[in-house]
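# Pasting the sequence and the predicted coordinates here, then a few questions.
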Amino acid sequence: MNSRDTAPHVAADLAAGVRHYQAGRLDEAESFLRMALFEAPGTVDAIHVLGLVARARNDFERAVDLIRRAVGMLPNSARLRCSLAETLVGAGLFHEADEVFRHTLVLDPSLAVAWLGLGRVLAILGQPDVAIGCLHCAIGLDATLVPARVALVAAGEPDQIEPLMRTLDQTDLPEDVRIGAQFALAAALDAEGRYDEAFSQVRDANQRRQRALVAAGQGFDAEELRSFVDRRIAACPAGFFAPVVGQGSESEKPVFVVGMPRSGTTLVEQILASHSEIIGLGESNRIGGLVSLLDQSARACGYGDWDPETVTSLAQEYVSRLPDHHGAVKRVVDKTPDNLWHLAAIARLFPNARVIVCRRDPRDVCLSCLFQDFELPMPYSNDLMHCAQRLEEVDRMLEHWRSVLPLPMLEVQYEALVSDPEAEIPRLIAFLGLDWEPACLRFERSRGTVTSASVWQVRRPLYTNAIGRWQHYERHLAPLLDLFGRD
């Protein structure tokens, strides 16, 4: 190929890569982008979009490396710096993302998406008032920026109903943007007491989301979940732990908060993290990753087939990487709700760990899941009865764990926690074996990192108006109430 033909060829490959990326065809996108880079290794846009492809695959380490490389080639590009900051958020590097967003806005103060990103990061880092100011800046620059309005609704800001309704009147609105706007509008209508209108919006949003997941082969399968729980129970019968005593790490640092999403797991972590000797990790896939490594090293997938030396080695390495702060940290909290499926693995890895199980009225849990636009797809959350089926399997799993696990487990009822914190919060701290600190009753002042869907709620003092929320929607919940009762 002569040099005159190279540039058009590279441009065509780059354009094809971008089209495939935007359509979600990641393998095809990467193939075209790599061809472009083979012909012209310094093509900044190809490097950038290749980073976006890695980000879409949740390979954040590679995504950050690639987009950093692009930024290094065009250091004054606000667009690339904003993309890097957004990727750092996905990687959990929130303080660095904060710095990069700020640098981006120095380069281009009119970039609305950078104000949006900075607002989201500041909310995560415990600066809600400044975050809200950033979100308003984003809206001031681009009144059509739906994610900023979504965030403002989550923050409890008023006057978002009419703008969101005008947004939904647009016939050319992308489906994912429409769904996000509907969830936000439902939340705003709920806050105004317009419950029938709220339910109409959230029902349509969930039906749209459910259709998209089913079309992508990601729909909820109750039978598959039931079979999964059956296998977990069979793999860990009564008496399983007697032969594995002495394996894993002896550390008392690990604490695991589990339960259904929207059952109070983030609230519990935020309360605990307000104690001077406790740090919260937020949600992660650390334990799921350890289980995968142990399964790969075993003859077959099953807790009994794990190599004892590998169990101990991985557990000790995990503990060695937990925050320490020169010995000041006594407990580290992982509040990933779905760690409940891995409690037998946790018992083998960390026999001195503690587990806190969050409970909440199942009617409120299911309704709250329905109203929540989760960042990662949770197929069961788009249908009330799927939520109920999932909750039943969670309860079945936890009942088995309580009967066989040697781990200390404490159940926390959401309604009791928010109604009587002076009694419930000291019980939590005592369960972790630590001395009481009054700051735990003022947890909303904590500047700790919160990354879950409850990022705005847990920055407020405890409130009880979420108890019995289902009653506002009773006329829409007949199948759910037939299952869980009306009293």
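Nice, I can see it. Just so you know, these numbers come straight off a predicted model, no measurement behind them.

# and the host helix or strand of residue 185, how far out from the chain's middle?
Element membership for residue 185 (DSSP states H and E) is helix 175-191. The gap between where helix 175-191 is centred and where its chain is centred comes out at 19 Å by Cα atoms, centre = their mean, to the nearest Å.

# pLDDT of that helix, averaged?
Helix 175-191 shows a mean pLDDT of 91.

# do stretch 294-312 as well
pLDDT averaged over stretch 294-312 gives 75.

# Now the helix holding residue 185 - C-alpha only, CSV.
Output in CSV follows, covering the C-alpha atoms of helix 175-191 (Å, rounded to 0.1, in the frame of the first residue of the first chain):
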residue,chain,number,x,y,z
GLU,A,175,-33.9,4.3,24.3
ASP,A,176,-31.4,4.1,27.2
VAL,A,177,-31.7,7.9,27.8
ARG,A,178,-35.5,7.6,27.7
ILE,A,179,-35.4,4.8,30.3
GLY,A,180,-33.1,6.8,32.6
ALA,A,181,-35.4,9.8,32.3
GLN,A,182,-38.5,7.7,33.1
PHE,A,183,-36.8,6.3,36.3
ALA,A,184,-35.9,9.8,37.4
LEU,A,185,-39.4,11.2,36.6
ALA,A,186,-40.9,8.3,38.6
ALA,A,187,-38.7,9.2,41.6
ALA,A,188,-39.6,12.9,41.3
LEU,A,189,-43.4,12.1,41.1
ASP,A,190,-43.0,9.8,44.1
ALA,A,191,-41.5,12.6,46.1
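
# pLDDT wise, what is the nearest residue to residue 419 once chain neighbours are set aside at?
The spatial neighbour of residue 419 that comes closest, neighbours along the chain excluded (Cβ to Cβ, 6 or more residues apart in numbering), is residue 464 at 5.9 Å. In short, each C-beta sits where N, CA and C put it, glycine included. At residue 464, the model reports a pLDDT of 74.

# Show me what the helix holding residue 185 packs onto, helices and strands only.
Using 3 or more Cβ pairs under 8 Å, 6 or more residues apart in numbering; DSSP states H and E, the elements in contact with helix 175-191 are helix 146-154, helix 161-168, helix 195-215, helix 362-371.

# contacting residues around the last one?
Helix 362-371 is touched from outside by 183, 186-187, 190, 198, 202, 206, 260-263, 378, 380-384, 387-388, 391, 414, 466-470, 473, 477, 480-481, 484, with contacts defined as Cβ atoms under 8 Å, 6 or more residues apart in numbering.

# measure stretch 141-150 end to end?
Terminal residues of stretch 141-150 are spaced 16 Å apart (Cα to Cα, to the nearest Å).

# got it, and stretch 323-330?
Rule used - Cα to Cα; the end-to-end distance of stretch 323-330 is 9 Å.

# How about the contacts made by the nearest residue to residue 120 once chain neighbours are set aside?
Spatial nearest neighbour of residue 120, excluding adjacent residues (Cβ to Cβ, 6+ apart): residue 151 at 6.3 Å. By Cβ under 8 Å, 6+ apart, residue 151 lies in contact with 116, 119-120, 123, 135.

# what angle sits between the helix holding residue 185 and helix 362-371?
140 degrees (axes from the mean of the first three to the mean of the last three Cα atoms, to 10 degrees).

# what kind of secondary structure is the residue nearest to residue 419 in?
Secondary structure state of residue 464, per DSSP: H, G, I helix; E, B strand; the rest coil, is coil.

# picking up where we left off before, now the contacts of helix 362-371: which count as buried?
The neighbour count (16 or more other Cβ atoms under 10 Å) marks 183, 186-187, 190, 198, 202, 206, 260-263, 378, 380-384, 387-388, 391, 414, 466, 469-470, 473, 477, 480-481, 484 as buried among the contacts of helix 362-371.

# now, which of the residues you listed lie within helices?
Judged by DSSP state H, those include 183, 186-187, 190, 198, 202, 206, 384, 387-388, 391, 414, 480-481, 484 as members of helices.

# ok, so of those, who is nearest residue 306?
Of all those, residue 391 has the smallest distance to residue 306: 29.6 Å, by Cβ to Cβ.

# Look up how far residue 358 lies from that closest one.
Distance, residue 391 to residue 358, using Cβ to Cβ, to the nearest Å: 12 Å.

# Quick one: the strands in the chain, in order.
Secondary structure of the chain (DSSP state E): strands located at 254-259, 278-282, 331-334, 354-359, 409-413.

# Mean neighbour count added to those strands, as TSV?
TSV is the format used below for the strands of the chain (neighbours: other Cβ atoms under 10 Å):
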stretch	mean neighbour count
strand 254-259	26
strand 278-282	22
strand 331-334	22
strand 354-359	23
strand 409-413	17
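
# Let me know which of these is the nearest to residue 444.
Using Cβ to Cβ as the measure, strand 278-282 is the one of the strands of the chain that comes nearest residue 444, at 14.0 Å.

# Packing partners of the closest one?
So strand 278-282, by 3+ Cβ pairs under 8 Å, 6+ apart, packs with helix 265-273, strand 331-334.

# Which of these sits closest to residue 241?
For residue 241, the closest of these is strand 331-334, at 20.8 Å, according to Cβ to Cβ.

# Convert the C-alpha atoms of the closest one to PDB, please.
What follows is strand 331-334 as a C-alpha-only set of coordinates in PDB (Å, rounded to 0.1, in the frame of the first residue of the first chain):
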ATOM      1  CA  ARG A 331     -12.200  -3.800  60.700                       C
ATOM      2  CA  VAL A 332     -12.700  -3.400  56.900                       C
ATOM      3  CA  VAL A 333     -16.300  -3.700  55.600                       C
ATOM      4  CA  ASP A 334     -17.200  -5.100  52.200                       C
END
